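Q: show me how the following folds:
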Amino acid sequence: MKLTYSIEDADFRKELKDAEQSVDVKMERLAQTVAEEVVNNARSLTNKTVPGAATNSEGTYQPVGSRRRRKAHPGGWGDITSNLAESINSTVKKRGFTIDIIIEATRDYAAALDAKTGYDVLGGAGIAARKALRKHAPQFFDD
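A: Alright, predicted model coming up:
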């Protein structure tokens, strides 16, 4: 038994192009999902911190003269105004066969703070991106 099925060159190229576009769309969506998770992780590191001080049994700290209660952070610093957290954002750019995920904290003091021991602003972003990629890739490419 023998079956021959001929595909016109134009039809074959169209199918390949459609499949390529489908993969490109999935890759861009995956990159956006990873970027969002990394930004959320980085923001979470800043929004639950306070200036170093003794904490109570609930793990919270209240600065002298302040009505705000904040969770204590092992690094002993705080983004009380949330300016740093709000400055953390992402951009996804496609360059040929490469997709770049750019995470940045635009406050002028972000890099100096990140360079200090125990003060993580974006220092762990690469690790968070790899974890997020491993976590989310199967839902985009397991067809």
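
Q: the spatially most central residue of the chain and T117, how far apart?
A: Among the residues of the chain, the one closest to the centroid is V38, at 1.6 Å (Cα atoms, centre = their mean). Going from V38 to T117 by Cβ to Cβ, to the nearest Å gives 22 Å. From N, CA and C alone the C-beta is placed, and that goes for glycine too.

Q: picking that back up, I figured the residue nearest to the centre of the chain hits A125, correct?
A: Yes. Between V38 and A125 there is a contact under Cβ atoms under 8 Å: 5.4 Å.

Q: overlap in contacts of the two?
A: I103 (Cβ atoms under 8 Å, 6 or more residues apart in numbering).

Q: sorry, back to before: any idea which element the residue nearest to the centre of the chain lies in?
A: helix 9-47 (DSSP states H and E).

Q: packing partners of that helix?
A: Identification of packing neighbours for helix 9-47 by 3 or more Cβ pairs under 8 Å, 6 or more residues apart in numbering; DSSP states H and E yields helix 83-87, strand 88-95, strand 98-105, helix 125-141.
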